[in-house]
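A.B. asks: only the shape, not the letters, is given here:
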Ligand SMILES: C[C@](O)(C(=O)O)[C@H](CC(=O)O)C(=O)O
Ligand SMILES: [Mg+2]
């Protein structure tokens with residue numbers, strides 16, 4: 001009922017603990033708090049909050065237009081309803097290193113377990129597109145150092161994302177990643193690796209966990225969890241997948257409604273009222289106060 005049953009600090013500690021093991025941690029991207037609940041229900045290890053989803057949700061392109069306030073507010077709403085650790089896309093940190101320090105503390109206050117900050121030049125773009133550029137090593141290192149130094153909870157996870165692979169190739173990406181680890185990064189987000197061999201190479205070159213991004217319509221093939229685990233990857237995100245699926249379904253349904261005047265044929269594909277009520281735990285509210293949930297769904301169409 002209401003919120004997560006555990007504290008932000010406990011979620012961070014649990015994530016640290018899980019990263020000390022050897023399992024692959026799977027973080028689907030939630031496009032709202034409700035979908036985060038669904039992610040937890042399906043037994044995943046964490047929830048990802050994607051910048052691409054957050055900006056698309058606001059009807060904006062993913063080019064660094066969203067603000068820290070918007071990202072923190074959405075992240076807090078999502079973190080509040082799940083017991084899972086939440087990892088947030090902090091883009092380039094929302095400013096200079098000092099802003100990045102503030103970003104870390106604001107996201108700590110939002111109750112999330114960690115963030116990733118990338119080494120792209122602002123305005124940033126999707127890491128799987130042409131034409132992105134990266135900052136020099138000193139600037140990238142300063143970003144990560146600022147993030148690491150600013151955190152007050154030592155378990156808050158600072159993931160350094162490097163976009164160097166798509167710009168200068170794998171060797172340069174590995175060199176950049178090593179510099180970011182030396183600067184204190186807890187993990188490395190290896191963006192836009194071309195194939196599994198590249199994931200293997202970067203995983204074996206680093207002694208911190210590596211994150212893989214299985215975004216659709218990107219540069220990397222969609223490897224399975226088994227393939228990624230075997231390559232040494234420790235965290236996988238599916239950042240935009242649920243939004244793409246939901247929007248695809250909404251688009252098709254609207255076309256059908258507009259064309260036929262009814263959604264009756266779509267009903268079998270919908271989340272049912274009972275499923276929705278179960279996910280938001282109406283019953284728990286009824287246990288707390290029987291006056292709140294004293295109706296039955298009997299007699300409703302299923
Ligand atoms: C991971 C990512 O940063 C995101 O915002 O979700 C994007 C995803 C995408 O645009 O497909 C990325 O830059 O890869
Ligand atoms: Mg992003």
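C.D. replies: The structure has been received and is ready for your questions. Every value quoted in this text rests on a predicted model; they were computed, and no experiment measured them. Ligands and ions are numbered 1, 2, ... in the order given.
A.B. asks: quick check: closest non-adjacent residue to the residue in the stretch 1-150 of the chain that ligand 2 sits nearest to.
C.D. replies: In the stretch 1-150 of the chain, no residue comes nearer to ligand 2 than residue 51, which is 3.3 Å away by Cβ to the ion. C-betas here are computed from N, CA, C, even on glycine. Residue nearest to residue 51 in three dimensions, not counting chain neighbours: residue 89, with 3.9 Å by Cβ to Cβ, 6 or more residues apart in numbering.
A.B. asks: burial measure for that neighbour, as a count.
C.D. replies: 26 (other Cβ atoms under 10 Å).
A.B. asks: how far away is it from residue 103?
C.D. replies: 11 Å (Cβ to Cβ, to the nearest Å).
A.B. asks: next, show the common contact partners of the two.
C.D. replies: Contact criterion Cβ atoms under 8 Å, 6 or more residues apart in numbering; residues shared by residue 89 and residue 103: residue 115.
A.B. asks: the residue of the stretch 1-150 of the chain closest to ligand 2 contacts residue 91, correct?
C.D. replies: Yes. Counting by Cβ atoms under 8 Å, residue 51 touches residue 91, with 5.2 Å between them.
A.B. asks: any residues in contact with both of those two?
C.D. replies: By Cβ under 8 Å, 6+ apart, the residues touching both residue 51 and residue 91 are residue 66.
A.B. asks: returning to what we had before: assess the claim that the residue nearest to residue 51 and residue 49 are in contact.
C.D. replies: Yes. Residue 89 is within contact range of residue 49, at 6.3 Å (criterion: Cβ under 8 Å).
A.B. asks: which neighbours do these two share?
C.D. replies: With Cβ under 8 Å, 6+ apart, residue 89 and residue 49 have common neighbours residue 71.
A.B. asks: run through who's touching stretch 25-42.
C.D. replies: Counting by Cβ under 8 Å, 6+ apart, residues outside stretch 25-42 touching it are 15, 18-19, 44-50, 53, 57, 77-78, 80-84, 86-87, 225, 234-243, 246, 279-280.
A.B. asks: and the closest residue to residue 44 other than its chain neighbours, which of the three is it?
C.D. replies: Of all residues not flanking residue 44 in the chain, residue 26 sits nearest, at 4.9 Å (Cβ to Cβ, 6+ apart). Using DSSP: H, G, I helix; E, B strand; the rest coil, the structure places residue 26 in strand.
A.B. asks: so how far is residue 29 from the most centrally placed residue in the chain?
C.D. replies: Central residue of the chain (Cα atoms, centre = their mean): residue 48, 1.9 Å from the mean position. As judged by Cβ to Cβ, residue 48 and residue 29 stand 4 Å apart.
A.B. asks: common neighbours of the two, please.
C.D. replies: 237, 238, 239.
A.B. asks: which residues touch the last one?
C.D. replies: Under the criterion of Cβ under 8 Å, 6+ apart, the neighbours of residue 239 are 29, 48, 50, 52, 53, 89, 213, 215.
A.B. asks: among those residues, who's most crowded?
C.D. replies: residue 48 (30 neighbours).
A.B. asks: any idea which helix or strand carries it?
C.D. replies: strand 47-49 (DSSP states H and E).
A.B. asks: what of residue 178?
C.D. replies: helix 170-182.
A.B. asks: what strands flank the following helix or strand past that helix, and is each parallel or antiparallel?
C.D. replies: Per DSSP H and E, the first helix or strand lying C-terminal to helix 170-182 is strand 187-190. Here strand 187-190 is paired, per DSSP bridges, with strand 157-162 (parallel), strand 210-213 (parallel).
A.B. asks: hey, which of those strands is tucked in deepest?
C.D. replies: Ranked by mean neighbour count under mean count of other Cβ atoms under 10 Å, those are led by strand 157-162, which reaches a mean of 27.
A.B. asks: tell me if that one is near ligand 1.
C.D. replies: No. Strand 157-162 stays clear of ligand 1 (Cβ under 6 Å from any ligand atom), getting no nearer than 7.6 Å.
A.B. asks: pull out the buried residues from the helix or strand following that strand.
C.D. replies: Sequence-wise, the next helix or strand downstream of strand 157-162 (DSSP H and E) is helix 165-168. By 16 or more other Cβ atoms under 10 Å, the buried positions in helix 165-168 come out as 165, 166, 167.
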